[in-house]
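Chemist: Take a look and give me a structure for this.
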Amino acid sequence: MPRKAFNADGAVAVGPYSHAVESGDLLFLSGQTPIDSQTGKLAEGDIVKQTKQCFKNLFNVLEAAGLGPDDVEKVNVFLTNMDNFAAMNEVYSQQFSAPYPARTTIGVASLPLGAQIEIEMIARRSKL
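Modeler: As a prediction, the model looks like this:
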């Protein structure tokens, strides 16, 4: 069976991958770095600005699939500097409402294009 993929105009892929792939009622979103889709360049600034850009990109992908933040079940956050955890967490707390999705935050040595953060998600399509 062919893969059902979604791509969003408001997100950028820097490699051979889809922004999201659907499997049953689950949507697996590829990690998004803080690339501004208008410029094609990494969002300049601190971790707050980069985190906001990651969420903007991810929420554009969710929207392209007909979903929103309330459909997110799991989030993985990758940080190149764990000293940025509190600032990232502040932005993160404003993106979702309680009960929050499950989350893992991992410190990594580096990310594509020198990004400070990358975020990926898993969402579930509601069965009505």
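Chemist: what number of residues lie near Glu118?
Modeler: Glu118 has 21 neighbouring residues, counting by other CB atoms under 10 Å. Where C-beta positions appear, they are placed from N, C-alpha and C, glycine not excepted.
Chemist: For it, give me its contacts.
Modeler: Glu118 makes contacts with 31-33, 54, 77-78, 111-112, as judged by CB atoms under 8 Å, 6 or more residues apart in numbering.
Chemist: Which of those are buried, as a ChimeraX select command?
Modeler: Typed into ChimeraX, the line below selects the buried ones among those, using 16 or more other CB atoms under 10 Å:
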select :31,32,33,54,77,78,111
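Chemist: Which ones among the contacts of Glu118 map onto strands?
Modeler: 31-32, 77-78 (DSSP state E).
Chemist: which one of these is nearest Asp71?
Modeler: Among the ones in strands among the contacts of Glu118, Gln32 lies closest to Asp71 (CB to CB), at 16.3 Å.
Chemist: re earlier: which of the ones in strands among the contacts of Glu118 lies closest to Asp46?
Modeler: For those, the nearest to Asp46 is Val77 (15.7 Å; CB to CB).
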